[in-house]
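1. model this:
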Amino acid sequence: MTSVNGSHAAHSEGDEPNPSIVQQNPDNCFRILLATDNHIGYAEKDPIRGQDAINTFKEILEIGRDAEVDFILLAGDLFHENRPSRTCMHQTIALLREYTLGDKPISFELLSDPYDGSAPGFSFPAVNYEDPNLNIATPVFSIHGNHDDPQGTGPEGALCALDVLSVSGVLNYFGKVDLSPDEAVQDDSDKGIRIKPILLRKGTTNLALYGVGNVKDARMHYELRSNRVKMYMPEGGDVAEDDWFNILLIHQNRVKHGPQQSVPEGMFDDSIRLVVWGHEHDCRITPEKVEGKDYWISQPGSSVATSLAPGEAIPKHVGIMSIQGSQFQIAEIPLKTVRPFELDEVILSYAAEQGVLSLDDKDSITEYLKQEVKRLIKQAHDNWKERNPDPDAKMMLPLIRLKVETTDAKEMTNPVRFGQMFIDKVANPRDILQYYRKKKPAERKAKNNPDLPDEDDEEWEGDDPTMLTTNDRLAKLRMANLVKQYLQAQNLEVLVENGMEDAVMRFVEKDDKDAIKDFVSDTLKMVGRDMKTREVDEEDVEDHMLRAKEHAASQYAEARPVPKEKSKKGKSKQKDSDEDSMLAEDDDQMDLDSDGSFQQAKAPSKGKGKAAPAKGKGKGSNPLFQNASESEEEEEEPEEVMPAPKKRGGASASSASSSRKPAARAPAKKAPARGATGGRGMQQSQLTFSKGAKASKPIELSDSD
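-> Take a look at the predicted model:
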């Protein structure tokens, strides 16, 4: 395989060979297990599929232990639910304790502050293997996804299941973004998304892990458009800026759902070497070069099928990534505990032309479909045996999905009754068949039908809801549209409809019991403050309440604009193969450019802000982070000095002293070198690294947008 530098290859897309390392040196090479979208807890009450996710997660941990990787890197959606059950949490913590704790020495050192991101009010560090009371053999680093995102407004702030795992000492949670709902309506340059790296070193290889947990696509686009995404940049010290291998973990839509419902692949700066993309379930773990860019994207995909979609039928893998200097490579590891999944599509009219069945005869259609399902079951067995040559291995019941085009058929069998013939033969007997009809242009769906929202007729794509199974019908039905239609029919005098819709959806989807109460309370306080500033007569109370509501709605619309009317003519819809992806919301359509893409802003220049001396260094030492100006037109921000790491028993080495040690030997288990954290600054960018000497500009929109 031809060697390719992972950051500076310049071939055209499609001609790029897979990146590789020329001569691998174990003392200087990171070995990292990549996985994402484990969805632990998915269908946990299903008697057949309930343990699929946790079994595959166990296999992933076993792969990491047997391969003796340096650490495991997860890109979100570790859990399927925002509030996983006690059984789910119990199994997850037990597995992490079983496979990540041990006496194996940590072969790399931490250069950033181990207490950065730790629980406030407690003395233990955020990085578990830096805790003298824990014996970590294989650290696990993870960001959150859209399924296990932080929720709540308690004194500790928004929390998620990963926070529980973090304080338990079995997982390192990073990439948490604290965004309050009212930040988007305030023009404050000090607020927005801040991305702080975890800096690691192994021998001569320096690694910076940047993580951005899932942010609602509409909010992410607002932050990007407003130039409120800022990243901490490692500068100074004994490591040159170009010597860092920068990895970015994100968990957003990659498939375009609308003008603002995805993150463009080409929006990142060339200083990033690799983007690990979570959220999309299609396994595309082989690094893909982005056209016109010098970085790669790896999309590990999900480890369990959460929908019967084509993307889930792709064989699932995890990867062991090796990083040495500026080069990297990923070895694909197939997962053996994934339940077999086969799907196909038949057109009854075509089968009738071949003389296989009669469209007027229900029994002949049923018999034909029965034979097709049997064929898929046999195909699942053959494919499984090919991937698992062990004769003693027992195959799990497969998932089977057969899409049936029934346009000219007179009568069809009930899909649930049909599935009863395959009980104990397939894992999903209730939803084997999916009926659909060709869409007729002149046909109009009934208005005010709660099962067929008027605004989203295209979601049904010609499917006849009377021909679908209950599971398929509910999968296509979007709760957000029902809530939206109901609120539009009401006469809300004080509450903002869009905000109420968001609160209801948080209550329904995230089980946030305080969402509606908090929204109502905040809205009443805002309206009350607005009315207190004016002299209101008793006769004009209703008018002033209406004006106060309009003012609140205008503030809310700045962060969440009302969508433009959809064009019904000439509309083409790009379907996402992963039905489990976060659904785009109709009232979140923030128009950007006419093609829905971003305009790349010019990167800001670097300033030379004063930095506090690093702990343990002399006056002449360079800081690890350095402040940078955000724009030529903006005033210089006050310096942010990050706290130096607290002393811990048995560990007193500084970054400067550790850098002079021979790189061939790994540090001691309980006394890894500390990263001296000096003055650290932030650079503004659109989720990019700052390069060049040009000032950063906001994204310019066209007049039509």
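2. tell me where this structure has helices.
-> 52-67, 86-100, 161-168, 217-225, 348-353, 362-387, 415-419, 470-476, 479-489, 497-509, 515-532, 541-559, 655-659 (DSSP state H).
3. what residues sit buried inside the second one?
-> In terms of neighbour count (16 or more other C-beta atoms under 10 Å), helix 86-100 has its buried residues at 88, 89, 91, 92, 93, 95, 96, 99, 100. Backbone N, C-alpha and C define where each C-beta goes, glycine included.
4. of these, which is the nearest to residue 308?
-> Relative to residue 308, the closest of the buried residues of helix 86-100 is residue 88; by C-beta to C-beta it sits at 22.4 Å.
5. returning to what we had before: could you dump the buried residues of helix 86-100 into JSON lines with distance to residue 36 and pLDDT added?
-> Below are the buried residues of helix 86-100 laid out as JSON lines (distance: C-beta to C-beta, whole Å; pLDDT from 0 to 100):
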{"residue": "88", "distance to residue 36": "18", "pLDDT": "96"}
{"residue": "89", "distance to residue 36": "20", "pLDDT": "97"}
{"residue": "91", "distance to residue 36": "19", "pLDDT": "97"}
{"residue": "92", "distance to residue 36": "15", "pLDDT": "97"}
{"residue": "93", "distance to residue 36": "20", "pLDDT": "97"}
{"residue": "95", "distance to residue 36": "17", "pLDDT": "98"}
{"residue": "96", "distance to residue 36": "16", "pLDDT": "97"}
{"residue": "99", "distance to residue 36": "18", "pLDDT": "97"}
{"residue": "100", "distance to residue 36": "17", "pLDDT": "96"}
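6. please tabulate the helices of the chain in a markdown table, including the columns distance to residue 19.
-> Output for those, formatted as a markdown table (distance: least, C-beta to C-beta, whole Å):
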| stretch | distance to residue 19 |
| --- | --- |
| helix 52-67 | 19 |
| helix 86-100 | 28 |
| helix 161-168 | 30 |
| helix 217-225 | 28 |
| helix 348-353 | 44 |
| helix 362-387 | 26 |
| helix 415-419 | 46 |
| helix 470-476 | 38 |
| helix 479-489 | 41 |
| helix 497-509 | 39 |
| helix 515-532 | 45 |
| helix 541-559 | 39 |
| helix 655-659 | 27 |
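7. out of these, nearest to residue 339?
-> Going by C-beta to C-beta, the one of the helices of the chain nearest residue 339 is helix 52-67, 5.5 Å.
8. the closest one packs against which elements?
-> Judged by 3 or more C-beta pairs under 8 Å, 6 or more residues apart in numbering; DSSP states H and E, helix 52-67 is in contact with strand 30-35, strand 71-74, helix 86-100, strand 317-324.
9. nearest to residue 54, of the ones you listed?
-> Judging the helices and strands packed on helix 52-67 by C-beta to C-beta, what sits closest to residue 54 is helix 86-100, at 5.2 Å.
10. residues in contact with residue 524?
-> Residue 524 sits next to residue 494 when contact means C-beta atoms under 8 Å, 6 or more residues apart in numbering.
11. pLDDT score assigned to it?
-> pLDDT recorded at residue 524 is 80.
12. what's the answer for the one 5 residues further on, then?
-> Listed pLDDT for residue 529 reads 75.
13. what's the burial count for residue 337?
-> A count of nearby residues for residue 337, using other C-beta atoms under 10 Å, gives 19.
14. for it, give its distance to residue 398.
-> 14 Å (C-beta to C-beta, to the nearest Å).
15. equivalent analysis for residue 142, please.
-> Counting by C-beta to C-beta, the gap from residue 142 to residue 398 is 30 Å.
16. what about those two, which has more around it?
-> Per other C-beta under 10 Å, whichever of residue 142 and residue 398 has more neighbours is residue 142, with 28 against 21.
17. pLDDT wise, what is the residue lying closest to that one once chain neighbours are set aside at?
-> Leaving aside its sequence neighbours, residue 142 sits nearest to residue 74 (C-beta to C-beta, 6 or more residues apart in numbering; 3.8 Å). Note for residue 74: predicted pLDDT of 98.
18. let the chain start at 526 from now.
-> Right, with 526 as the first residue, what we last looked at is residue 599.
19. can you say which of the helices of the chain is packed in most?
-> Highest mean neighbour count among these (mean count of other C-beta atoms under 10 Å): helix 742-750, with a mean of 22.
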